[in-house]
Every structure is written in structure tokens, then in C-alpha cells.
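Colleague: The sequence isn't on hand, but the structure is:
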């Protein structure tokens, strides 16, 4: 296996890991937002 | 290490990571669907020509003269609507004006506008539009905030028209 091939594989893995970290952060943000929305709507319903 | 085995290991890692990324993407989409968009957020997005978004209005398109007298303008599309929004009453193509149908694309981010942000009609629409979000408070909230409105029949955008409908 040539060095170029190895570098390309690692580059691909790195890009996927960065994408995963970004996506995870986005999901956490959305989950937080959803929780706030649910909380706000249940508080609104109680009034 | 045997190059063949090394290649298989690298490819395996890439496949696993790609699978994870896909499942995260699916989860992201599901979460986005559950969070309604506010009228302020929609107004900002519509004012930005870089944001590609379609607004689908699911209220009745028009009312008979008798019904119009009793109804509010916010009850039906030709009364008032968000500029650039596409009429699709009840999320049913058979009820939409013919000129609106070619403008509807299921594969771009979509905001569903009902009279009051009804989650039931949104659920029905979300099956047709995978990237849909519900407008919180619907047309009533948009009207209350005093954001720009159009009235009258649907007019398809002119060919070659620029983005940003506000």
C-alpha cells in the first residue's frame, strides 16, 4: 500500500470525523431547543 | 501488514464512520421537523437571498362570496399570504391552483403555513416534504407581528427573478 493511498484514507477518515463532531454539536443544540420549546408549550398550556 | 488487509481495515473504518454520519443526519432532520420555526426566524430567512427556502400555505385557497363575508383575511390564501408563498390547501395537490404545482419541490427546506400553526396538518404535510418545519402560530402570528403580506391570487415568480422574496 503506497504512502499516497494511506494519506488519502486518513484524509477521508479525518473529514468524516470532523463531520461527525459538527453534526453531534448540531444535534445537541437542536435537542436543547426542542426541550425549551416543549417546556414553553407545556407552561403555556398550564396557564 | 499485508496491503490488502490494510486496505480492508481503512475501508471498514470509512464505512462505519459514513454510516454514523448518515444516522446522525437522519436524527438531525427528525429533530428539525419537531421544532417549529418562529415568524421572526422565517422573516429573517426570507429576507436573505442566500437562503433557499419555500413557503407552503395549506389554508384554503379562496372562499365563496358568502364565506368571505364571515371569514377573516387570515383564514384563506387570497385574503392575505406571506409574499412568495405557494398555495397547497390541505397539502392536497388536487386543491392547489394549476400554476402553483410546478413551483413545489419536496426536496428543499420548506416551511408549512397554516392558519394557526396546526400540528395535525403539519404532520400530514411532513410526509410529503422531508425537510419541512411548521410555522409557529401560523398566518395569525405573521399577521400579528405586522410582517409584509400580499393579497389576491397566486402569481408564479417571473423567469430569471432573483432570490429573496421580501
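Modeller: Received, thanks. Not measured: the values here are computed from a predicted model.

Colleague: what residue ranges in chain A score low on pLDDT?
Modeller: A:44-47 (pLDDT under 70).

Colleague: Sketch out the helices for chain A, chain order is fine.
Modeller: Under the criterion DSSP state H, chain A contains helices at A:3-46.

Colleague: what sits up against stretch B:60-70?
Modeller: Outside stretch B:60-70, the residues that touch it by Cβ atoms under 8 Å, 6 or more residues apart in numbering or on different chains are B:71, B:75-79, B:87, B:89-90, B:95-97, B:153-154. Quick note: C-beta positions are derived from backbone N, CA and C, even for glycine.

Colleague: Counting neighbours, which of the residues you listed end up buried?
Modeller: Among the contacts of stretch B:60-70, the ones that count as buried by 16 or more other Cβ atoms under 10 Å in any protein chain shown are B:75-79, B:87, B:89-90, B:96-97, B:154.

Colleague: now whichever strand or helix holds residue B:67: mean pLDDT?
Modeller: Taking DSSP states H and E as the definition, residue B:67 sits inside helix B:65-70. Averaged over helix B:65-70, pLDDT sits at 78.

Colleague: residues from chain B in reach of chain A?
Modeller: Selection of chain B residues close to chain A by Cβ under 8 Å from any Cβ of the partner chain yields B:3, B:6-7, B:10-11, B:13-14, B:17-18, B:20-21, B:24-25, B:27-28, B:31-32, B:34-36.

Colleague: redo that, cut-off 10 Å
Modeller: Applying Cβ under 10 Å from any Cβ of the partner chain, we find that chain B lies next to chain A at B:1-7, B:9-11, B:13-25, B:27-32, B:34-36, B:38, B:136.

Colleague: Now list the buried members of these.
Modeller: Buried among the residues of chain B next to chain A (16+ other Cβ under 10 Å): B:10, B:13, B:17, B:20-21, B:24, B:27-28, B:31-32, B:34-36, B:136.

Colleague: Need these in JSON lines (columns: distance to residue A:34, pLDDT and secondary structure).
Modeller: Shown next, in JSON lines, are these (distance: Cβ to Cβ, whole Å; pLDDT from 0 to 100; DSSP: H, G, I helix; E, B strand; the rest coil):
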{"residue": "B:10", "distance to residue A:34": "37", "pLDDT": "94", "secondary structure": "helix"}
{"residue": "B:13", "distance to residue A:34": "32", "pLDDT": "96", "secondary structure": "helix"}
{"residue": "B:17", "distance to residue A:34": "26", "pLDDT": "97", "secondary structure": "helix"}
{"residue": "B:20", "distance to residue A:34": "21", "pLDDT": "96", "secondary structure": "helix"}
{"residue": "B:21", "distance to residue A:34": "21", "pLDDT": "96", "secondary structure": "helix"}
{"residue": "B:24", "distance to residue A:34": "16", "pLDDT": "95", "secondary structure": "helix"}
{"residue": "B:27", "distance to residue A:34": "12", "pLDDT": "93", "secondary structure": "helix"}
{"residue": "B:28", "distance to residue A:34": "12", "pLDDT": "92", "secondary structure": "helix"}
{"residue": "B:31", "distance to residue A:34": "6", "pLDDT": "90", "secondary structure": "helix"}
{"residue": "B:32", "distance to residue A:34": "9", "pLDDT": "87", "secondary structure": "helix"}
{"residue": "B:34", "distance to residue A:34": "6", "pLDDT": "87", "secondary structure": "helix"}
{"residue": "B:35", "distance to residue A:34": "5", "pLDDT": "89", "secondary structure": "coil"}
{"residue": "B:36", "distance to residue A:34": "10", "pLDDT": "90", "secondary structure": "coil"}
{"residue": "B:136", "distance to residue A:34": "13", "pLDDT": "92", "secondary structure": "coil"}
